[in-house]
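Chemist: fold the following and give me the result.
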Amino acid sequence: MKIRVSAVQYHLRTIDSFDDFAAQVEHYVKTAAEFDAEFVLFPELFTTQLLSIGKPDNRREGLPITALPGFTEAYEELFSRLARSTGMHLIGGTHIVEEGGRLYNAAYLFYPDGRMVTQRKLHITPSEVKAWAMGAGDALSVFDTDKGRIALLTCYDIEFPEIVRMAKARGADVIFCPSCTDDRHGFHRVRYTCHARAIENQVYVVTTGTVGSLPTVDFMRGNYGQAAILTPNDVPFPPGGVMTAGEINGDMIITGDLDLELLYEVREKGSVTTWRDRRTDLYTDWS
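Modeler: Next comes the predicted model:
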């Protein structure tokens, strides 16, 4: 079975209203639909663009991060509607939600029938704690779709091999990794570990990040991003394990086909069989 996926290099720019945000999102979704994508991945924290709408009495000053949960209902309605109208699975990047007075960074999956599920970011960076007092999710989920089982692991999460091994042990063949990084160091940490997780677990990893700038939104003034579809590094796949990648910091969408049968093949008789050959007598088997 093959799955066609698209990943959006979302261009952050100052906007005047939620309608501006919705129009930009719909543009990317319709573009992916023209390529017959079945899954579309948006980046982490791209809804911070809504904070650039600013305060009514001072549009030059962005809203604080605590204002973002106020857009949750409109965000969910927008993506649910677009998923239903296109028949695609939309991974709506991440959005900040509030529960019990605490903020959480939640990845969303919207199914073609409009229903939605979420995965909160499990590992929180020091800057997220210091700047936003962000809370951490407390459970890993994998999600069944009519195209296979997937997991949503956000940015810093992919840097921890244990959590990806757990997702693979629970049957995930594709890891979607929305990210948001502000410089080359952060970008390459995420990118290199995405490659490592694909090799270790013989899974596909689809990742993307924000590009552009929000001059009035704290901690979102700089973005360095690139979308990529990454594969195990073995003979049936492209050399280097990169199926396709975007232009760094460009406003664009990439698209590629994930062949799940190739994953099953290399796990059984690849040049290396890293999943099968794990030494569970020496270290914890996360399955």
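
Chemist: CA atoms for contacts and neighbours, from now on please.
Modeler: Fine.

Chemist: what segments of the stretch 1-150 of the chain are helices?
Modeler: Counting by DSSP state H, counting those that start in this stretch, the segments of the stretch 1-150 of the chain that form helices are 18-34, 72-86, 126-132.

Chemist: next one: the most centrally placed residue in the chain from Arg267, what distance?
Modeler: With distances taken as C-alpha atoms, centre = their mean, Pro178 lies nearest the centre of the chain, 2.0 Å away. Per C-alpha to C-alpha, to the nearest Å, Pro178 is found 26 Å from Arg267.

Chemist: switch the helices of the stretch 1-150 of the chain over to CSV; also include mean neighbour count.
Modeler: Written out in CSV, the entries for those read as follows (neighbours: other C-alpha atoms under 10 Å):
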stretch, mean neighbour count
helix 18-34, 16
helix 72-86, 17
helix 126-132, 12
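
Chemist: give the contact list for the closest residue to Val117 other than its chain neighbours.
Modeler: With sequence-adjacent residues excluded and distances taken as C-alpha to C-alpha, 6 or more residues apart in numbering, Val117 is closest to Leu109, at 5.4 Å. Residues counted as contacts of Leu109 (C-alpha atoms under 8 Å, 6 or more residues apart in numbering) are 89-92, 116-118.

Chemist: tell me which two of those sit farthest apart.
Modeler: Pairwise distances across the contacts of Leu109 (C-alpha to C-alpha) peak at 13.1 Å, for the pair His89 and Thr118.

Chemist: which stretches of the stretch 1-150 of the chain have low pLDDT?
Modeler: 56-59 (pLDDT under 70).

Chemist: what about the longest strand in the protein?
Modeler: Once the chain is assigned using DSSP state E, the strand that runs over the most residues is strand 89-99.

Chemist: sorry, back to before: have a look at His89 and Thr118 and say which one is more surrounded.
Modeler: Counted by other C-alpha atoms under 10 Å, His89 and Thr118 do not tie: His89 has more neighbours, with 26 against 18.

Chemist: now the more buried one: how far from Cys180?
Modeler: Distance from His89 to Cys180, counting by C-alpha to C-alpha: 21 Å.

Chemist: do the same with Val129
Modeler: To Cys180, Val129 is 15 Å away according to C-alpha to C-alpha.

Chemist: same question, Arg81
Modeler: Distance, Arg81 to Cys180, using C-alpha to C-alpha: 25 Å.

Chemist: next, count neighbours for the nearest residue to Ser80 once chain neighbours are set aside.
Modeler: Distance criterion C-alpha to C-alpha, 6+ apart; nearest residue to Ser80, sequence neighbours excluded, is Gly114 at 4.5 Å. Residues near Gly114, counting by other C-alpha under 10 Å, number 21.

Chemist: surely Gly114 meets Leu78?
Modeler: No: the pair Gly114 / Leu78 is not scored as a contact, 9.9 Å apart, by C-alpha atoms under 8 Å.

Chemist: for Ala133, what are its contacts?
Modeler: Residues in contact with Ala133, defined by C-alpha under 8 Å, 6+ apart, are 102-103.

Chemist: redo that, cut-off 10 Å
Modeler: The neighbourhood of Ala133, defined by C-alpha atoms under 10 Å, 6 or more residues apart in numbering, consists of 102-104, 124, 126-127.

Chemist: try Glu99
Modeler: Neighbouring residues of Glu99 by C-alpha under 10 Å, 6+ apart: 69, 135.

Chemist: now it: how far from Ala74?
Modeler: Using C-alpha to C-alpha, one gets 17 Å for the distance from Glu99 to Ala74.

Chemist: and what of Thr255?
Modeler: Counting by C-alpha to C-alpha, the gap between Thr255 and Ala74 amounts to 27 Å.
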